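Student: with the sequence up front, the predicted model follows.
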Amino acid sequence: MDNRFDLFIIGAGPGGYVAAIRAAKAGLKVAVAENRRAGGTCLNRGCIPAKAMIHASSLYREACEGARFGVHASDVSYDYGEILTYRNDVVDTLVGGVEQLLSANGVTVLNGTATLQKPDGDELTVTVGEETYAARDVILASGSQPAKLPVPGADLDGVVTSDGFFAMDEAPESIVIIGGGVIGVEFATVLTNLGTKVTIVEALPKLLDNFDKEISQNLKMILKKRGADIHTDSLVKGFAKSEDGISVTFEEKGKEKEVSAACVLMAAGRTPVTEGLFGEGVTPEMNRKFVKVDDNFMTSIPHVYAIGDLAGGMQLAHAASAQGVRVAEHLAGETFSQDLDIIPGCVYTDPEIASAGMTEAKAKDAGIETVTGKFIMTANGKSLITKDERGFIKVVANAETDEILGAQMMCSRATDMIGEFVTAIANHMTVSDMLRSVRSHPTYNEGIGEALESVHGESLHTVPRRRR
(Lines give C-alpha, C1' and ligand atoms only; values in the text may rest on other atoms or scores of the structure.)
Protein backbone atom coordinates (compact mmCIF):
# COMPACT_ATOMS: atom_id res chain seq x y z
CA MET A 1 0.00 0.00 0.00
CA ASP A 2 2.94 2.36 0.61
CA ASN A 3 3.74 2.23 -3.12
CA ARG A 4 0.31 3.54 -4.16
CA PHE A 5 -0.32 7.25 -4.64
CA ASP A 6 -3.05 9.56 -5.85
CA LEU A 7 -0.48 11.47 -7.88
CA PHE A 8 3.04 10.52 -9.02
CA ILE A 9 5.24 13.27 -10.50
CA ILE A 10 8.36 12.61 -12.56
CA GLY A 11 10.70 15.56 -12.08
CA ALA A 12 11.15 17.96 -9.15
CA GLY A 13 11.85 21.13 -11.09
CA PRO A 14 9.73 24.30 -10.83
CA GLY A 15 6.80 22.54 -12.48
CA GLY A 16 7.04 19.25 -10.60
CA TYR A 17 7.73 20.42 -7.07
CA VAL A 18 5.12 23.20 -7.22
CA ALA A 19 2.53 20.72 -8.50
CA ALA A 20 3.47 18.27 -5.75
CA ILE A 21 3.08 20.82 -2.96
CA ARG A 22 -0.17 22.22 -4.38
CA ALA A 23 -1.68 18.73 -4.76
CA ALA A 24 -0.55 17.70 -1.27
CA LYS A 25 -2.18 20.81 0.20
CA ALA A 26 -5.41 19.74 -1.53
CA GLY A 27 -5.27 16.44 0.35
CA LEU A 28 -3.79 14.13 -2.30
CA LYS A 29 -1.17 11.50 -1.51
CA VAL A 30 1.78 12.57 -3.67
CA ALA A 31 5.16 11.18 -4.68
CA VAL A 32 7.81 12.92 -6.77
CA ALA A 33 10.86 11.28 -8.34
CA GLU A 34 14.01 13.22 -9.23
CA ASN A 35 17.31 11.79 -10.51
CA ARG A 36 19.35 14.86 -9.59
CA ARG A 37 18.61 17.59 -7.05
CA ALA A 38 15.28 19.21 -6.24
CA GLY A 39 14.69 22.45 -8.13
CA GLY A 40 15.52 21.12 -11.59
CA THR A 41 17.46 23.02 -14.22
CA CYS A 42 16.19 26.45 -13.17
CA LEU A 43 17.46 26.25 -9.64
CA ASN A 44 20.62 24.20 -10.18
CA ARG A 45 21.87 24.88 -13.72
CA GLY A 46 19.83 27.79 -15.09
CA CYS A 47 17.83 30.74 -13.79
CA ILE A 48 19.18 31.05 -10.25
CA PRO A 49 22.93 30.49 -10.79
CA ALA A 50 22.85 32.69 -13.90
CA LYS A 51 21.14 35.54 -12.07
CA ALA A 52 23.55 35.25 -9.15
CA MET A 53 26.46 35.61 -11.57
CA ILE A 54 24.77 38.56 -13.29
CA HIS A 55 24.41 40.27 -9.91
CA ALA A 56 28.03 39.67 -8.91
CA SER A 57 29.45 40.72 -12.28
CA SER A 58 27.25 43.84 -12.35
CA LEU A 59 28.59 44.87 -8.94
CA TYR A 60 32.11 44.58 -10.34
CA ARG A 61 31.28 46.70 -13.40
CA GLU A 62 29.56 49.32 -11.23
CA ALA A 63 32.60 49.48 -8.95
CA CYS A 64 34.86 50.00 -11.96
CA GLU A 65 32.58 52.82 -13.12
CA GLY A 66 32.21 54.43 -9.69
CA ALA A 67 33.91 57.63 -10.82
CA ARG A 68 30.63 58.56 -12.56
CA PHE A 69 29.21 59.08 -9.08
CA GLY A 70 32.32 60.62 -7.53
CA VAL A 71 33.39 57.30 -6.00
CA HIS A 72 37.02 56.39 -6.81
CA ALA A 73 38.33 52.93 -5.99
CA SER A 74 42.09 52.50 -6.32
CA ASP A 75 42.06 48.71 -6.67
CA VAL A 76 38.96 47.02 -8.07
CA SER A 77 39.21 43.32 -8.84
CA TYR A 78 37.15 40.15 -8.73
CA ASP A 79 37.87 36.61 -7.61
CA TYR A 80 36.02 34.19 -9.89
CA GLY A 81 36.32 31.38 -7.36
CA GLU A 82 34.62 33.51 -4.72
CA ILE A 83 31.87 34.43 -7.21
CA LEU A 84 31.27 30.71 -7.75
CA THR A 85 31.17 30.10 -3.99
CA TYR A 86 28.58 32.85 -3.58
CA ARG A 87 26.57 31.43 -6.52
CA ASN A 88 26.66 27.89 -5.12
CA ASP A 89 25.65 29.07 -1.64
CA VAL A 90 22.55 30.73 -3.12
CA VAL A 91 21.67 27.56 -5.03
CA ASP A 92 22.25 25.27 -2.03
CA THR A 93 20.08 27.44 0.21
CA LEU A 94 17.19 27.41 -2.26
CA VAL A 95 17.50 23.66 -2.92
CA GLY A 96 17.33 23.07 0.83
CA GLY A 97 14.23 25.24 0.99
CA VAL A 98 12.47 23.22 -1.71
CA GLU A 99 13.36 19.95 0.02
CA GLN A 100 11.97 21.27 3.31
CA LEU A 101 8.73 22.37 1.62
CA LEU A 102 8.23 18.95 0.06
CA SER A 103 8.86 17.23 3.39
CA ALA A 104 6.67 19.63 5.38
CA ASN A 105 3.75 18.98 3.02
CA GLY A 106 4.05 15.21 3.29
CA VAL A 107 5.31 14.61 -0.26
CA THR A 108 7.25 11.35 -0.72
CA VAL A 109 10.51 12.14 -2.50
CA LEU A 110 12.24 9.34 -4.44
CA ASN A 111 15.79 9.63 -5.77
CA GLY A 112 16.36 8.02 -9.15
CA THR A 113 15.30 7.94 -12.78
CA ALA A 114 11.57 7.30 -13.11
CA THR A 115 10.00 5.54 -16.10
CA LEU A 116 6.32 5.49 -17.00
CA GLN A 117 5.25 1.91 -17.70
CA LYS A 118 2.15 0.34 -19.23
CA PRO A 119 -0.93 0.71 -17.01
CA ASP A 120 -1.69 -2.22 -14.70
CA GLY A 121 -5.45 -2.53 -14.96
CA ASP A 122 -6.97 0.76 -13.85
CA GLU A 123 -3.72 1.99 -12.29
CA LEU A 124 -0.78 3.75 -13.86
CA THR A 125 2.62 2.34 -12.99
CA VAL A 126 6.01 4.00 -12.62
CA THR A 127 9.33 2.32 -11.94
CA VAL A 128 12.19 3.98 -10.07
CA GLY A 129 15.15 1.64 -10.09
CA GLU A 130 13.89 -1.78 -9.04
CA GLU A 131 10.77 -0.45 -7.34
CA THR A 132 7.35 -0.18 -8.94
CA TYR A 133 4.78 2.41 -7.88
CA ALA A 134 1.10 2.74 -8.71
CA ALA A 135 -0.84 5.98 -9.11
CA ARG A 136 -4.23 7.25 -10.21
CA ASP A 137 -2.61 10.15 -12.10
CA VAL A 138 0.91 10.95 -13.30
CA ILE A 139 2.50 14.28 -14.18
CA LEU A 140 5.53 14.23 -16.48
CA ALA A 141 7.78 17.17 -15.61
CA SER A 142 11.20 15.97 -16.74
CA GLY A 143 12.22 19.37 -18.12
CA SER A 144 14.79 20.06 -20.82
CA GLN A 145 18.51 20.03 -21.52
CA PRO A 146 20.76 22.25 -23.66
CA ALA A 147 20.55 21.54 -27.38
CA LYS A 148 23.69 20.95 -29.44
CA LEU A 149 24.04 22.12 -33.00
CA PRO A 150 24.48 19.26 -35.49
CA VAL A 151 27.62 20.75 -37.04
CA PRO A 152 31.22 19.50 -37.37
CA GLY A 153 33.30 20.01 -34.23
CA ALA A 154 30.34 20.32 -31.85
CA ASP A 155 31.89 17.69 -29.55
CA LEU A 156 35.33 19.31 -29.30
CA ASP A 157 36.77 20.13 -25.88
CA GLY A 158 36.16 23.81 -25.34
CA VAL A 159 32.71 23.76 -26.95
CA VAL A 160 30.33 23.79 -23.99
CA THR A 161 26.64 24.19 -23.22
CA SER A 162 25.31 26.22 -20.28
CA ASP A 163 25.82 23.14 -18.06
CA GLY A 164 29.48 23.04 -19.06
CA PHE A 165 29.91 26.76 -18.54
CA PHE A 166 28.63 26.53 -14.96
CA ALA A 167 31.26 23.84 -14.33
CA MET A 168 34.14 26.10 -15.43
CA ASP A 169 36.33 27.33 -12.56
CA GLU A 170 37.78 30.34 -14.40
CA ALA A 171 36.30 33.08 -16.56
CA PRO A 172 37.52 32.71 -20.16
CA GLU A 173 39.55 35.50 -21.73
CA SER A 174 37.40 35.24 -24.84
CA ILE A 175 34.27 33.37 -25.87
CA VAL A 176 31.97 32.91 -28.85
CA ILE A 177 28.33 32.55 -27.83
CA ILE A 178 26.18 30.71 -30.36
CA GLY A 179 22.69 32.11 -29.92
CA GLY A 180 21.34 35.58 -29.17
CA GLY A 181 18.26 34.49 -27.27
CA VAL A 182 17.64 34.89 -23.55
CA ILE A 183 20.36 32.43 -22.46
CA GLY A 184 22.94 33.87 -24.84
CA VAL A 185 22.47 37.54 -23.94
CA GLU A 186 22.38 36.82 -20.19
CA PHE A 187 25.72 35.00 -20.36
CA ALA A 188 27.03 37.83 -22.56
CA THR A 189 26.01 40.27 -19.80
CA VAL A 190 27.99 38.33 -17.18
CA LEU A 191 31.10 38.01 -19.30
CA THR A 192 31.23 41.53 -20.73
CA ASN A 193 30.88 42.80 -17.15
CA LEU A 194 33.95 40.76 -16.18
CA GLY A 195 36.01 41.92 -19.16
CA THR A 196 35.82 38.81 -21.33
CA LYS A 197 35.94 39.42 -25.08
CA VAL A 198 32.50 38.27 -26.24
CA THR A 199 31.32 37.45 -29.75
CA ILE A 200 27.66 36.54 -30.37
CA VAL A 201 26.60 34.62 -33.48
CA GLU A 202 22.81 34.52 -33.97
CA ALA A 203 20.96 32.84 -36.86
CA LEU A 204 17.89 35.10 -36.65
CA PRO A 205 17.77 38.72 -37.85
CA LYS A 206 18.02 40.22 -34.34
CA LEU A 207 18.83 39.49 -30.73
CA LEU A 208 15.84 38.39 -28.64
CA ASP A 209 13.86 37.87 -31.80
CA ASN A 210 10.56 37.31 -29.95
CA PHE A 211 10.73 40.69 -28.21
CA ASP A 212 9.84 44.18 -29.39
CA LYS A 213 12.15 45.40 -32.17
CA GLU A 214 13.22 48.46 -30.21
CA ILE A 215 14.32 46.28 -27.28
CA SER A 216 16.49 44.20 -29.60
CA GLN A 217 18.07 47.29 -31.15
CA ASN A 218 18.83 48.91 -27.79
CA LEU A 219 20.29 45.73 -26.34
CA LYS A 220 22.57 45.30 -29.33
CA MET A 221 23.88 48.85 -28.95
CA ILE A 222 24.48 48.40 -25.20
CA LEU A 223 26.35 45.10 -25.60
CA LYS A 224 28.46 46.54 -28.42
CA LYS A 225 29.29 49.54 -26.23
CA ARG A 226 30.54 47.09 -23.60
CA GLY A 227 32.83 45.41 -26.12
CA ALA A 228 30.75 42.60 -27.59
CA ASP A 229 31.02 41.76 -31.29
CA ILE A 230 27.58 40.78 -32.63
CA HIS A 231 26.69 38.92 -35.82
CA THR A 232 22.99 38.39 -36.62
CA ASP A 233 21.53 36.58 -39.64
CA SER A 234 24.56 34.31 -39.32
CA LEU A 235 24.53 30.54 -39.76
CA VAL A 236 27.18 28.47 -37.96
CA LYS A 237 28.95 25.98 -40.22
CA GLY A 238 31.29 24.29 -37.76
CA PHE A 239 34.01 24.43 -35.09
CA ALA A 240 37.69 23.54 -35.21
CA LYS A 241 40.75 23.70 -32.98
CA SER A 242 42.83 26.86 -33.39
CA GLU A 243 45.83 28.55 -31.79
CA ASP A 244 43.47 30.67 -29.70
CA GLY A 245 41.35 27.68 -28.66
CA ILE A 246 38.32 27.16 -30.92
CA SER A 247 37.54 28.70 -34.29
CA VAL A 248 33.96 29.18 -35.42
CA THR A 249 33.07 29.30 -39.10
CA PHE A 250 29.79 30.96 -40.02
CA GLU A 251 28.03 32.50 -42.98
CA GLU A 252 26.87 36.11 -42.72
CA LYS A 253 25.10 37.87 -45.59
CA GLY A 254 26.37 35.25 -48.06
CA LYS A 255 30.00 35.56 -46.94
CA GLU A 256 31.91 32.96 -44.95
CA LYS A 257 33.59 34.34 -41.83
CA GLU A 258 35.68 32.93 -39.01
CA VAL A 259 36.29 33.99 -35.41
CA SER A 260 38.39 32.35 -32.71
CA ALA A 261 38.13 32.37 -28.93
CA ALA A 262 39.27 30.45 -25.88
CA CYS A 263 35.95 28.59 -25.81
CA VAL A 264 32.52 28.40 -27.38
CA LEU A 265 29.19 28.45 -25.56
CA MET A 266 26.29 26.83 -27.40
CA ALA A 267 23.16 28.67 -26.29
CA ALA A 268 20.96 27.79 -29.25
CA GLY A 269 17.94 26.48 -27.41
CA ARG A 270 16.91 23.54 -25.25
CA THR A 271 15.38 20.16 -25.98
CA PRO A 272 12.97 18.10 -23.82
CA VAL A 273 14.35 15.28 -21.67
CA THR A 274 12.58 12.11 -22.79
CA GLU A 275 15.36 9.49 -22.58
CA GLY A 276 14.27 6.78 -20.15
CA LEU A 277 10.95 8.50 -19.53
CA PHE A 278 8.75 5.98 -21.37
CA GLY A 279 8.79 2.23 -20.94
CA GLU A 280 8.24 -0.34 -23.67
CA GLY A 281 4.92 0.12 -25.41
CA VAL A 282 4.27 3.51 -23.83
CA THR A 283 3.97 5.98 -26.70
CA PRO A 284 2.17 9.26 -26.04
CA GLU A 285 1.30 11.37 -29.06
CA MET A 286 4.09 13.83 -29.80
CA ASN A 287 4.19 17.31 -31.32
CA ARG A 288 7.59 17.01 -32.97
CA LYS A 289 9.98 16.60 -30.01
CA PHE A 290 7.43 17.72 -27.41
CA VAL A 291 4.69 15.69 -25.73
CA LYS A 292 1.31 16.77 -27.09
CA VAL A 293 -1.20 17.92 -24.46
CA ASP A 294 -4.75 19.28 -24.31
CA ASP A 295 -5.99 22.41 -22.51
CA ASN A 296 -5.68 20.62 -19.15
CA PHE A 297 -2.17 19.38 -20.04
CA MET A 298 -3.35 15.77 -20.37
CA THR A 299 -1.43 13.65 -22.88
CA SER A 300 -2.96 11.08 -25.24
CA ILE A 301 -2.57 8.56 -22.39
CA PRO A 302 -5.52 8.96 -20.00
CA HIS A 303 -4.59 10.37 -16.56
CA VAL A 304 -1.04 11.18 -17.71
CA TYR A 305 -0.17 14.89 -17.87
CA ALA A 306 2.88 16.76 -19.19
CA ILE A 307 3.97 20.25 -18.14
CA GLY A 308 6.83 22.68 -18.54
CA ASP A 309 9.54 22.32 -21.18
CA LEU A 310 8.39 18.77 -21.97
CA ALA A 311 5.07 20.13 -23.28
CA GLY A 312 6.59 22.97 -25.34
CA GLY A 313 5.43 26.57 -25.36
CA MET A 314 7.32 29.18 -23.34
CA GLN A 315 10.30 27.50 -21.70
CA LEU A 316 10.11 29.48 -18.47
CA ALA A 317 10.22 28.35 -14.85
CA HIS A 318 7.18 30.41 -13.86
CA ALA A 319 5.22 29.02 -16.81
CA ALA A 320 6.01 25.46 -15.67
CA SER A 321 5.00 26.31 -12.09
CA ALA A 322 1.70 27.81 -13.24
CA GLN A 323 1.00 24.72 -15.35
CA GLY A 324 1.78 22.51 -12.35
CA VAL A 325 -0.72 24.46 -10.25
CA ARG A 326 -3.31 24.16 -13.04
CA VAL A 327 -2.99 20.35 -13.18
CA ALA A 328 -3.06 20.04 -9.37
CA GLU A 329 -6.23 22.17 -9.22
CA HIS A 330 -7.79 20.12 -12.02
CA LEU A 331 -7.08 16.85 -10.19
CA ALA A 332 -8.42 18.28 -6.91
CA GLY A 333 -11.59 19.52 -8.62
CA GLU A 334 -10.82 23.14 -7.78
CA THR A 335 -11.45 26.32 -9.76
CA PHE A 336 -8.43 27.43 -11.77
CA SER A 337 -6.70 30.29 -9.99
CA GLN A 338 -4.42 31.67 -12.72
CA ASP A 339 -4.71 32.90 -16.30
CA LEU A 340 -2.13 30.90 -18.25
CA ASP A 341 -2.62 33.04 -21.37
CA ILE A 342 -0.65 35.91 -19.80
CA ILE A 343 2.88 34.72 -19.07
CA PRO A 344 5.50 37.46 -18.64
CA GLY A 345 8.83 37.19 -20.42
CA CYS A 346 11.89 38.40 -18.49
CA VAL A 347 15.53 38.86 -19.46
CA TYR A 348 18.08 39.74 -16.78
CA THR A 349 20.44 41.86 -18.84
CA ASP A 350 21.47 45.32 -17.66
CA PRO A 351 19.11 47.11 -18.02
CA GLU A 352 16.51 44.40 -17.48
CA ILE A 353 13.94 43.51 -20.13
CA ALA A 354 10.36 42.36 -19.57
CA SER A 355 7.20 41.99 -21.60
CA ALA A 356 3.63 40.79 -21.24
CA GLY A 357 0.72 40.43 -23.63
CA MET A 358 0.81 41.71 -27.21
CA THR A 359 3.34 43.85 -29.01
CA GLU A 360 2.14 46.38 -31.59
CA ALA A 361 3.08 43.97 -34.38
CA LYS A 362 1.14 41.03 -32.90
CA ALA A 363 -1.93 43.21 -32.31
CA LYS A 364 -1.76 44.37 -35.93
CA ASP A 365 -1.53 40.76 -37.13
CA ALA A 366 -4.66 40.03 -35.06
CA GLY A 367 -6.50 42.88 -36.77
CA ILE A 368 -6.74 45.04 -33.64
CA GLU A 369 -6.41 48.81 -33.92
CA THR A 370 -4.06 49.98 -31.21
CA VAL A 371 -2.83 53.12 -29.56
CA THR A 372 0.57 53.14 -27.85
CA GLY A 373 2.20 55.22 -25.19
CA LYS A 374 5.91 55.36 -24.52
CA PHE A 375 8.05 56.90 -21.84
CA ILE A 376 11.81 57.30 -22.19
CA MET A 377 13.36 56.53 -18.81
CA THR A 378 16.09 59.15 -19.13
CA ALA A 379 13.41 61.56 -17.86
CA ASN A 380 12.77 59.40 -14.80
CA GLY A 381 14.33 60.73 -11.58
CA LYS A 382 15.47 57.34 -10.26
CA SER A 383 17.01 56.43 -13.63
CA LEU A 384 18.92 59.72 -13.67
CA ILE A 385 20.21 59.05 -10.16
CA THR A 386 21.52 55.62 -11.16
CA LYS A 387 22.64 56.76 -14.66
CA ASP A 388 20.82 53.93 -16.43
CA GLU A 389 21.22 53.44 -20.17
CA ARG A 390 18.65 53.61 -22.99
CA GLY A 391 15.57 52.59 -21.01
CA PHE A 392 11.91 52.89 -21.96
CA ILE A 393 8.43 51.63 -21.12
CA LYS A 394 5.92 51.06 -23.91
CA VAL A 395 2.21 50.36 -23.42
CA VAL A 396 -0.08 48.91 -26.11
CA ALA A 397 -3.83 49.48 -25.70
CA ASN A 398 -6.95 48.77 -27.72
CA ALA A 399 -7.79 52.00 -29.53
CA GLU A 400 -11.54 51.42 -29.23
CA THR A 401 -11.91 50.07 -25.69
CA ASP A 402 -8.81 51.51 -23.90
CA GLU A 403 -8.07 47.97 -22.62
CA ILE A 404 -4.40 47.16 -21.95
CA LEU A 405 -3.17 44.65 -24.54
CA GLY A 406 0.52 44.50 -23.71
CA ALA A 407 3.62 46.19 -22.36
CA GLN A 408 7.31 46.10 -23.18
CA MET A 409 9.91 47.41 -20.77
CA MET A 410 13.66 47.90 -20.85
CA CYS A 411 14.85 49.54 -17.65
CA SER A 412 16.02 48.81 -14.13
CA ARG A 413 13.62 46.60 -12.15
CA ALA A 414 11.64 45.80 -15.31
CA THR A 415 11.34 42.15 -14.29
CA ASP A 416 9.72 43.21 -11.01
CA MET A 417 7.48 45.92 -12.46
CA ILE A 418 6.05 43.81 -15.30
CA GLY A 419 3.78 42.13 -12.74
CA GLU A 420 1.63 45.27 -12.65
CA PHE A 421 0.85 44.81 -16.35
CA VAL A 422 0.31 41.05 -16.03
CA THR A 423 -2.37 41.76 -13.41
CA ALA A 424 -3.92 44.45 -15.59
CA ILE A 425 -4.07 42.30 -18.74
CA ALA A 426 -5.37 39.22 -16.90
CA ASN A 427 -8.18 41.32 -15.40
CA HIS A 428 -9.00 43.21 -18.62
CA MET A 429 -8.13 46.57 -17.08
CA THR A 430 -8.05 49.75 -19.11
CA VAL A 431 -5.45 52.49 -19.23
CA SER A 432 -7.80 54.63 -17.13
CA ASP A 433 -8.10 51.83 -14.54
CA MET A 434 -4.32 51.66 -14.15
CA LEU A 435 -4.00 55.44 -13.93
CA ARG A 436 -6.11 55.49 -10.76
CA SER A 437 -3.07 54.31 -8.78
CA VAL A 438 -0.66 56.86 -7.29
CA ARG A 439 2.96 55.74 -7.69
CA SER A 440 5.73 56.65 -5.27
CA HIS A 441 8.40 59.25 -6.05
CA PRO A 442 11.21 58.85 -6.87
CA THR A 443 10.88 55.30 -8.23
CA TYR A 444 11.39 53.48 -11.50
CA ASN A 445 7.71 52.57 -11.19
CA GLU A 446 6.74 56.19 -11.93
CA GLY A 447 7.69 55.42 -15.52
CA ILE A 448 4.65 53.15 -15.77
CA GLY A 449 2.35 56.05 -14.93
CA GLU A 450 4.09 58.28 -17.48
CA ALA A 451 3.77 55.63 -20.21
CA LEU A 452 0.08 55.16 -19.39
CA GLU A 453 -0.56 58.91 -19.48
CA SER A 454 1.23 59.01 -22.83
CA VAL A 455 -1.40 56.65 -24.25
CA HIS A 456 -3.96 59.40 -23.55
CA GLY A 457 -1.56 62.15 -24.60
CA GLU A 458 -1.38 63.51 -21.05
CA SER A 459 2.17 62.74 -19.90
CA LEU A 460 4.41 65.59 -18.81
CA HIS A 461 7.10 63.97 -20.93
CA THR A 462 4.86 62.81 -23.76
CA VAL A 463 6.12 60.91 -26.76
CA PRO A 464 3.37 61.46 -29.38
CA ARG A 465 1.06 58.46 -29.36
CA ARG A 466 0.52 56.30 -32.41
CA ARG A 467 -2.68 54.68 -33.62
CA ARG A 468 -2.27 51.50 -35.67
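Tutor: Nice, I can see it. Predicted model only: the values in this text are computed from it and were never measured. Numbers count the residues shown, from 1 in each chain.
Student: any idea where the helices of the chain begin and end?
Tutor: 16-25, 40-45, 47-64, 80-104, 162-166, 182-193, 213-225, 317-332, 360-365, 381-386, 414-426, 431-434, 446-455 (DSSP state H).
Student: so who does the residue positioned nearest the centre of the chain touch?
Tutor: What sits nearest the mean C-alpha location of the chain, by C-alpha atoms, centre = their mean, is Leu316, with 4.4 Å. Leu316 is in contact with Ile343, Gly345, Cys346, counting by C-beta atoms under 8 Å, 6 or more residues apart in numbering. Every C-beta, even on glycine, is put in place using the N, C-alpha and C of the backbone.
Student: got CSV for those residues, with neighbour count too?
Tutor: Output for those, formatted as CSV (neighbours: other C-beta atoms under 10 Å):
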residue, neighbour count
Ile343, 17
Gly345, 19
Cys346, 19
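Student: okay, now the unreliable bits of the stretch 351-468 of the chain?
Tutor: 459-468 (pLDDT under 70).
Student: returning to that earlier point: among the contacts of Leu316, which are in strands?
Tutor: If you go by DSSP state E, the contacts of Leu316 have Gly345, Cys346 in strands.
Student: which ones are touching the nearest residue to Gly13 once chain neighbours are set aside?
Tutor: In this structure, Gly13 finds its nearest non-sequential neighbour in Gly40, 2.1 Å apart by C-beta to C-beta, 6 or more residues apart in numbering. By C-beta under 8 Å, 6+ apart, Gly40 lies in contact with Gly11, Ala12, Gly13, Pro14, Gly15, Gly16, Tyr17, Glu34, Ala141, Gly143.
Student: and Gly40, how far is that from Leu94?
Tutor: Distance, Gly40 to Leu94, by C-beta to C-beta, to the nearest Å: 11 Å.
Student: same question for Arg61.
Tutor: 25 Å.
Student: what are the buried residues along stretch 331-345?
Tutor: Leu331, Leu340, Ile342, Ile343, Pro344, Gly345 (16 or more other C-beta atoms under 10 Å).
Student: between the residues you listed, which is nearest Val190?
Tutor: Gly345 (19.5 Å; C-beta to C-beta).
Student: the closest one touches Thr359, doesn't it?
Tutor: No. Here Gly345 does not reach Thr359: they are 10.7 Å apart, not a contact under C-beta atoms under 8 Å.
Student: distance of the nearest residue to Lys292 once chain neighbours are set aside from Lys364?
Tutor: Among residues not flanking Lys292 along the chain, Glu285 sits closest, at 4.6 Å (C-beta to C-beta, 6+ apart). Distance of Glu285 to Lys364, given as C-beta to C-beta: 34 Å.
Student: neighbour count winner among those two?
Tutor: Lys364 (13 against 10; other C-beta atoms under 10 Å).
Student: if I look at that one, how far off is Thr372?
Tutor: 11 Å.
Student: same deal with Thr189?
Tutor: 28 Å.
Student: apart from its neighbours in sequence, what residue is nearest Met377?
Tutor: Using C-beta to C-beta, 6+ apart, the closest residue to Met377 is Gly391 (3.3 Å).
Student: wait, that neighbour sits on Met417?
Tutor: No. Gly391 sits out of contact with Met417 when judged by C-beta under 8 Å, with a separation of 11.3 Å.
Student: report the contact partners of the nearest residue to Arg22 once chain neighbours are set aside.
Tutor: Of all residues not flanking Arg22 in the chain, Ala328 sits nearest, at 3.9 Å (C-beta to C-beta, 6+ apart). Going by C-beta under 8 Å, 6+ apart, Ala328 touches Leu7, Ala19, Arg22, Ala23, Ala26, Leu28.
Student: quick check: domain ranges of the chain?
Tutor: 4-145+271-332, 159-268, 351-467 (automatic domain parsing).
Student: what mean pLDDT does the first one have?
Tutor: Same thing as domain 4-145+271-332. For domain 4-145+271-332, the mean per-residue pLDDT is 94.
Student: how long is that domain end to end?
Tutor: The first and last residues of domain 4-145+271-332 sit 17 Å apart, counting by C-alpha to C-alpha, to the nearest Å.
Student: so what's the residue count around Asp2?
Tutor: 7.
Student: same check on Ala203?
Tutor: 18.
Student: could you report the pLDDT at the residue nearest to it when sequence neighbours are not counted?
Tutor: Distance criterion C-beta to C-beta, 6+ apart; nearest residue to Ala203, sequence neighbours excluded, is Leu235 at 5.5 Å. In this model, Leu235 is scored at 96, pLDDT.
Student: ok, Leu235 to Leu110 distance?
Tutor: With C-beta to C-beta as the criterion, Leu235 and Leu110 are 44 Å apart.
Student: so those two - more neighbours on which side?
Tutor: Leu110 (19 against 13).
Student: distance of the closest residue to the more buried one other than its chain neighbours from Ile139?
Tutor: Nearest non-adjacent residue to Leu110, counting by C-beta to C-beta, 6+ apart: Ala33, 4.3 Å away. Separation of Ala33 from Ile139 (C-beta to C-beta) stands at 11 Å.
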